[in-house]
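J.: Build the 3D model from these lines:
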Amino acid sequence: MKLSRQIPLNALRVFEAVARLASFTKAGEELGLTQTAVSYQIKLLEENIGEQLFLRRPRQIELTDTGKRLAPKIAEVFEMLAEVMASVRDDTEATLHIHTTPTFAIHWLARCIGSFQMHHPNIAVRLTTSDTLIDFSKEAADVAIRSGRGEWPGLRAHPLMKIDFTPMLHPKLAEAAGGIPTPADLLNLRIIDPEDPWWDLWLHAAGVADTVGTHPRNLLGAQTLAASAAMAGQGVAILTPQFYADDVAAGRLYQPFDLTCTDGRDYWLAYPENRRNVLKIKAFRNWILGEFGVAQD
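T.: Residues are numbered from 1 along each chain as shown. The predicted model follows:
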């Protein structure tokens, strides 16, 4: 049903305050308005209704019969609106949606997120993994952990950890090959994800003139999948060693060379600049920066 008149919400809010406080001055102080502005809003509402709402007496005001009928109904409506807003706000604050890469999720976040939930038991966590960069204006997420250089317009970004890389394989595969005395010997083995640009960067840094260009152009698409293939003895993967210390200690992976490289990208915590003061985002930011020993800016 189409209303014949627009509802003057601002004027109704002023009326509710004046009726409750029985004072134009006190209502203005509560709402941050001048007494003149309060009087103007009441006048607009009276013109809209076509009835006088207050009797102006020396040093006091009194509700008219129409005002007395209207005041409790308006107070009830604003109380209902406050309850709805509080409910929506509580639901929103109750769940933190984190968007992150599969590798970071599996090898760090999933292992550590319990600490965050222990410190903030009222915040549920929803995790979405993808290697694509999320567009906060189009997708529902509160924060993202992404790799890059931290230069994303409109986003606040905090560095978490350096991303370095080096070849890794199952120790039995290295033994079967008779050992790997030089970096060039890696090219005699099956290379997992040879299309990964990290390979040529590392080989160049290691002084190897050849590249992985002659190997089949397979691409698994996620570091964690390449690591699984390497642990199964299917070849050599180029990985971030910080994520696989436990696998090295357990004998599932072997790092034949100390040399690690970086392409200038790091892991960052990112979120929209205009949401930096949202309580659940602040709570997660403080926690994860503390976990990585990063100073707050």
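
J.: can you map out the helices along this protein?
T.: Secondary structure of the chain (DSSP state H): helices at 9-21, 24-31, 35-49, 65-94, 102-104, 110-119, 171-176, 198-205, 223-231, 245-249, 279-291.

J.: do you know which of these lies nearest R265?
T.: helix 198-205 (10.3 Å; Cβ to Cβ). All C-beta spots, glycine's among them, are computed from the backbone N, C-alpha and C.

J.: outside of the closest one, which residues touch it?
T.: 165-167, 183, 191, 193, 210-212, 238, 259, 261, 263 (Cβ atoms under 8 Å, 6 or more residues apart in numbering).

J.: which pair in those spans the largest distance?
T.: Of all pairs in these, the most separated under Cβ to Cβ is D210 and D263 at 19.8 Å.

J.: Point out where the protein drops to low pLDDT.
T.: Within the chain, the stretches with pLDDT under 70 are 1-5, 83-93, 212-221, 297.

J.: follow-up on the earlier one: out of the contacts of helix 198-205, which comes closest to P58?
T.: Closest approach between those and P58, by Cβ to Cβ: D263, at 78.9 Å.

J.: Disregarding residues adjacent in the polypeptide, which is nearest to that closest one?
T.: L201 (6.1 Å; Cβ to Cβ, 6 or more residues apart in numbering).

J.: ok, now T262?
T.: D164 (4.8 Å).

J.: how far away is the one you found from N286?
T.: D164 is 26 Å from N286, where distance means Cβ to Cβ, to the nearest Å.

J.: and the residue nearest to A11 when sequence neighbours are not counted, what is it in contact with?
T.: With sequence-adjacent residues excluded and distances taken as Cβ to Cβ, 6+ apart, A11 is closest to L45, at 3.9 Å. Applying Cβ under 8 Å, 6+ apart, one finds that L45 lies in contact with P8, A11, L12, V14, F15, L53.

J.: among those, who's most crowded?
T.: F15 (27 neighbours; other Cβ atoms under 10 Å).

J.: isn't it right up against Q41?
T.: Yes - under the criterion of Cβ atoms under 8 Å, F15 makes contact with Q41 at 7.5 Å.

J.: burial measure for A209, as a count.
T.: Residues near A209, counting by other Cβ under 10 Å, number 7.

J.: hang on, L289 packs against H158?
T.: Yes - the pair L289 and H158 qualifies as a contact (Cβ under 8 Å) at a distance of 5.9 Å.
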